[in-house]
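J.: This is the structure alone, sequence omitted:
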């Protein structure tokens with residue numbers, strides 16, 4: 001299908017294609033599902049791209065991140081894991097009305113599922129910031145900034161929800177850390193989405209379900225829409241917009257600035273008439 005233009009978002013651009021007359025769009029299965037639209041079995045590349053696109057272009061800004069882990073004994077059924085998470089999500093929404101977030105699921109080396117949640121809460125508005133230290137693998141101790149009372153609160157929630165009896169889990173099963181700069185959430189999402197080893201579903205784990213989702217009202221608004229063919233789009237974004245297969249990529253990361261105006265662009269030896277571009281609010 002030929003490229004018909006692009007949708008411009010907050011930071012990124014997504015190419016659109018024109019269907020031939022009379023062709024009805026097919027219904028795609030869920031990301032990571034099989035071709036028949038069955039159960040999700042993996043965190044697919046398509047789903048990872050979609051996660052990054054939502055985090056980068058949604059109408060919410062994320063100022064902190066919650067991490068939820070399981071104790072030594074943990075469920076191996078995705079339905080039970082998501083049930084636990086939904087209880088936690090509802091408590092979060094009741095305690096902080098209007099909160100917005102994006103969550104994603106990973107698996108630790110021991111096979112246990114754990115969640116990361118980017119949230120819109122500014123921690124310095126809820127208490128005094130403290131610096132805490134934790135150990136992360138072979139890299140040694142690392143510190144993060146948090147509000148101790150908030151971290152203790154969610155730790156108790158999660159401890160109760162999962163039915164843990166391990167006091168060590170109460171102390172270390174959760175963290176709520178401050179994101180210290182505007183691009184921090186993007187780096188967190190990009191880093192975690194690019195860890196393929198933590199996206200592999202253990203053989204003993206069943207019915208994994210969705211790998212990511214949103215909390216509260218999170219929308220990804222289209223800023224504007226341009227109509228044009230592949231040559232016109234490439235003239236703006238450059239050759240980095242070409243995939244390894246020689247096609248125009250679907251997601252053109254950090255390219256929104258290339259479509260800020262309606263000036264004509266050079267294609268070959270001729271200029272395209274700028275009136276061919278349609279700008280939509």
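T.: Arrived safely, thanks for sending. Keep in mind the model is a prediction, meaning the values are calculated, not measured.
J.: Report the helix or strand with the lowest average pLDDT across the protein.
T.: strand 270-271 (a mean of 38; mean pLDDT, DSSP states H and E).
J.: what ranges do the strands span in this structure?
T.: For the chain, strands defined by DSSP state E occupy the ranges 3-8, 13-17, 64-68, 101-107, 113-119, 130-135, 141-146, 174-178, 212-215, 224-227, 251-252, 266-267, 270-271.
J.: The stretch 1-150 of the chain: helices as residue ranges?
T.: With helices called from DSSP state H, counting those that start in this stretch, the stretch 1-150 of the chain shows them at 45-57, 78-95, 148-161.
J.: Identify whichever of these lies nearest to residue 121.
T.: helix 148-161 (8.2 Å; CB to CB). Glycine gets a C-beta too; all of them are placed from N, C-alpha and C.
J.: Only the buried residues of that closest one, if you could.
T.: Buried residues in helix 148-161, counted by 16 or more other CB atoms under 10 Å: 150-151, 153-155, 157-159, 161.
J.: And for residue 95, the neighbour number?
T.: Residues near residue 95, counting by other CB atoms under 10 Å, number 12.
J.: now swap in residue 172 and tell me
T.: Residue 172 has 14 neighbours, counted by other CB under 10 Å.
J.: Just the endpoints, please. Distance across stretch 219-235?
T.: 30 Å (CA to CA, to the nearest Å).
J.: Okay, buried residues for that stretch please.
T.: For stretch 219-235, by 16+ other CB under 10 Å, it's 220, 223-226, 228-230, 232-235.
J.: and it, how far out from the chain's middle?
T.: Relative to the chain's own centre, stretch 219-235 is displaced by 22 Å; criterion: CA atoms, centre = their mean, to the nearest Å.
J.: which residue packs closest to residue 182, ignoring adjacent ones?
T.: residue 61 (7.3 Å; CB to CB, 6 or more residues apart in numbering).
J.: One more: residue 43?
T.: residue 199 (3.8 Å).
J.: Could you verify my assumption that that neighbour touches residue 212?
T.: No - using CB atoms under 8 Å, residue 199 makes no contact with residue 212, being 10.4 Å away.
J.: which parts of stretch 108-119 are buried?
T.: Residues of stretch 108-119 classed as buried by neighbour count (16+ other CB under 10 Å): 112-119.
J.: Tell me if I'm right that residue 92 and residue 215 touch.
T.: Yes - counting by CB under 8 Å, residue 215 is a contact partner of residue 92 at 6.9 Å.
J.: How is the protein partitioned into domains?
T.: Here the domain assignment for the chain is 1-18+222-281, 60-215, based on automatic domain parsing.
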